[in-house]
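K.L.:
any chance you could fold what I've pasted below:
(one chain, ligands or ions: 2)
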Amino acid sequence: MGIKEEKYILAMDQGTTSSRAIIFDHKGRSMASAQKEFKQYYPKPGWIEHDPQEIWYTQVSVAAEAIAKMGISESALAAIGITNQRETTILWDKQTGKPVYNAIVWQDRRTSNYCDTLKERGIQQKVREKTGLVIDAYFSATKIKWILDNVEGVRERAEAGHILFGTVDSWLIWKFTNGKKHVTDVTNASRTLLYNINTLEWDMELLEVFDIPESILPEVCSSSEVYGYAESLGHVPIAGVAGDQQAALFGQLCTEKGMVKNTYGTGCFLVMNTGSKPVPSQNNLLSTIAWKIGDRVDYAIEGSVFVGGAVVQWIRDGLHLIKDSAEIERLARTVDDNGGVYFVPALTGLGAPHWDQYARGMMIGLTRGTTAGHIARAALESICFQSLDLIKAMEADTELKPKELRVDGGAVVNNLLIQFQSDIVDFPVVRPETLETTALGVAQLAGLAVGYWESIDELKENWRTETVFESKLASEKQSYLYRKWTKALERCKEWADD
Ligand SMILES: Nc1ncnc2c1ncn2[C@@H]1O[C@H](COP(=O)(O)OP(=O)(O)O)[C@@H](O)[C@H]1O
Ligand SMILES: O=P(O)(O)OC[C@H](O)CO
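P.N.:
Numbers count the residues shown, from 1 in each chain. Ligands and ions are numbered 1, 2, ... in the order given. I've put the predicted structure just below:
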């Protein structure tokens, strides 16, 4: 056995609700894994926080558990990769290493009003050109400002150079290296609203707009290099970092311009590789960095659906039509089609490309013949229609027609869901063997940095198709269904008064 076959890569996937660790072998196979959920704090309506120390402890403990399960020692690890929930913001004290406040999570809306006042200043276009993003509470900048302005003494200490900011990757690297490295990668930096994706630098003008001192920012690195060594984990090099959606794009080997993946989790994240140049969106999508490897930067265009698999959770926990998520497929198969029922799951408003925070959920087309099966089917179809809205926006923005859609995430085990997705798009939908593409993606970025894998071409051998789903619908039927969906969608917009 060669040296590469005896060694493994450890991927840490620090997500919104849990920390996970997966060990991959040289063929990209998942050999062992562990996962721990952690507490979500909701101090006020619309506020969501995590305890950064708990993020750290759970991440370290799942890494140890995965290593123990596999029965290897740390010396069998060639490298570590870190992928993470993006935008979530942590500020900590350089001397004590203690966070000055909880992590403010990407979903937290406390700075929405401040964002509205910024928009009134007419700087939207400039921000979009520089960052590829829109002014929104989603991104890190206004969360950083909130901590600086609202936690006593923090702004003064930051001005004096005693405070550090990081997204979750930065925080974990700082902890693993015992405070030796304060770094992040381009993909995470590109989600802060402070990073210029054209010049690849922190943007001084934006730092001024958001009133954030430059001294708190981490050094921005590529997505595939040795950032430091995990001192509590056998001094293994930490060699790959990427935000989770970008890591999934890489894990799906969407390495050529026009290749696209969709992750069907709580929400859906559709991301297309746009090659070596950012594509500014005219259709309310985000332009972002896919990864940087060596000197080469790849860009991506991204859209997210707020309620994807979450609609299945709601049918389970809110309506009690099913007991577990997998049951929805059986229920939906009790009918042949949606029976004219359309369900717009705008339960928390609508995300890209509609961006309507006042839209609310709606079922339409109900008759006396409607059954729970029709509702289940309409719910699954809604996940696909929302993804189709994003695909259409992406095609318009990029003038690229994808050859296929690569899918992953917890909900893609549902064959009916993925078949319907392929029914309404013009290209095949491909489900790979390894569905842990986020972790695999960052493992690959780490492995490339230490020579565990030689090239992207070598990685392509590790990506294997499990099932190709082809459309079974005639194009007139596709158009009819999409027309009805669009009509339903229009009726639920701007509904809420609050
Ligand atoms: N068989 C299934 N059919 C449809 N949705 C499912 C199925 N199994 C799980 N889900 C949905 O997938 C989501 C979980 O996927 P996961 O990728 O773990 O999400 P996240 O990373 O956002 O926490 C849940 O919203 C759940 O309702
Ligand atoms: O942790 P996830 O999988 O919900 O992903 C969160 C995204 O990175 C937010 O932008």
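K.L.:
per-residue pLDDT, Lys4?
P.N.:
On pLDDT, Lys4 comes in at 59.
K.L.:
ok, Thr17 next?
P.N.:
In this model, Thr17 carries a pLDDT of 86.
K.L.:
wait, it touches Glu37, no?
P.N.:
Yes: counting by CB atoms under 8 Å, Thr17 touches Glu37, with 5.8 Å between them. Every residue, glycine included, has its C-beta placed from N, CA and C.
K.L.:
am I right that Pro237 is in contact with Tyr452?
P.N.:
No: under the criterion of CB under 8 Å, Pro237 is not in contact with Tyr452, lying 10.5 Å apart.
K.L.:
and the residue in the stretch 201-350 of the chain that ligand 2 sits nearest to, how many neighbours?
P.N.:
Proximity of the stretch 201-350 of the chain to ligand 2 (CB to the nearest ligand atom) peaks at Asp244, 4.6 Å away. Using other CB atoms under 10 Å, Asp244 has 28 neighbouring residues.
K.L.:
which stretches of the stretch 1-150 of the chain form strands?
P.N.:
8-14, 18-24, 30-37, 49-50, 77-84, 90-93, 103-104 (DSSP state E, counting those that start in this stretch).
K.L.:
elements contacting the first one?
P.N.:
For strand 8-14, the contact count by 3 or more CB pairs under 8 Å, 6 or more residues apart in numbering; DSSP states H and E identifies strand 18-24, helix 52-70, strand 77-84, helix 168-176, helix 437-449 as packing neighbours.
K.L.:
now do the fourth one
P.N.:
Helices and strands touching strand 49-50, by 3+ CB pairs under 8 Å, 6+ apart, are strand 103-104.
K.L.:
any part of the strand it packs on near ligand 2?
P.N.:
No: counting by CB under 6 Å from any ligand atom, ligand 2 has no neighbours in strand 103-104; the shortest distance is 12.3 Å.
K.L.:
I'd say Ser382 and Phe343 touch.
P.N.:
Yes: here Ser382 lies in contact with Phe343, judged by CB under 8 Å, at a distance of 4.8 Å.
K.L.:
where does this structure come near ligand 2, residue by residue?
P.N.:
Contacts of the chain with ligand 2, taken as CB under 6 Å from any ligand atom, map to 15-16, 85-87, 106, 243-245, 265-266.
K.L.:
repeat that for 5 Å
P.N.:
Within reach of ligand 2 by CB under 5 Å from any ligand atom, the chain has these residues: 15-16, 85-86, 106, 244.
K.L.:
including distance to Arg333, could those residues go into CSV?
P.N.:
Rendered in CSV, the data for the residues of the chain next to ligand 2 read as follows (distance: CB to CB, whole Å):
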residue, distance to Arg333
Gly15, 30
Thr16, 31
Gln85, 34
Arg86, 36
Trp106, 35
Asp244, 31
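K.L.:
host element of Trp463?
P.N.:
Assignment of secondary structure by DSSP states H and E places Trp463 within no helix or strand.
K.L.:
that one: neighbour count?
P.N.:
20.
K.L.:
report the closest residue of the stretch 151-300 of the chain relative to ligand 1.
P.N.:
Nearest residue of the stretch 151-300 of the chain to ligand 1 (CB to the nearest ligand atom) works out as Gly265 at 2.8 Å.
K.L.:
excluding chain neighbours, what is closest to that residue?
P.N.:
Residue nearest to Gly265 in three dimensions, not counting chain neighbours: Gly409, with 4.3 Å by CB to CB, 6 or more residues apart in numbering.
K.L.:
what's the closest of the strands of the stretch 1-150 of the chain to Ile391?
P.N.:
strand 77-84 (24.1 Å; CB to CB).
K.L.:
wait, does that closest one contact ligand 1?
P.N.:
No: Strand 77-84 lies out of reach of ligand 1 by CB under 5 Å from any ligand atom, never closer than 11.7 Å.
K.L.:
by contact count, what packs against that strand?
P.N.:
Checking 3+ CB pairs under 8 Å, 6+ apart, strand 77-84 ends up next to strand 8-14, helix 168-176, strand 236-243, helix 244-251, helix 437-449.
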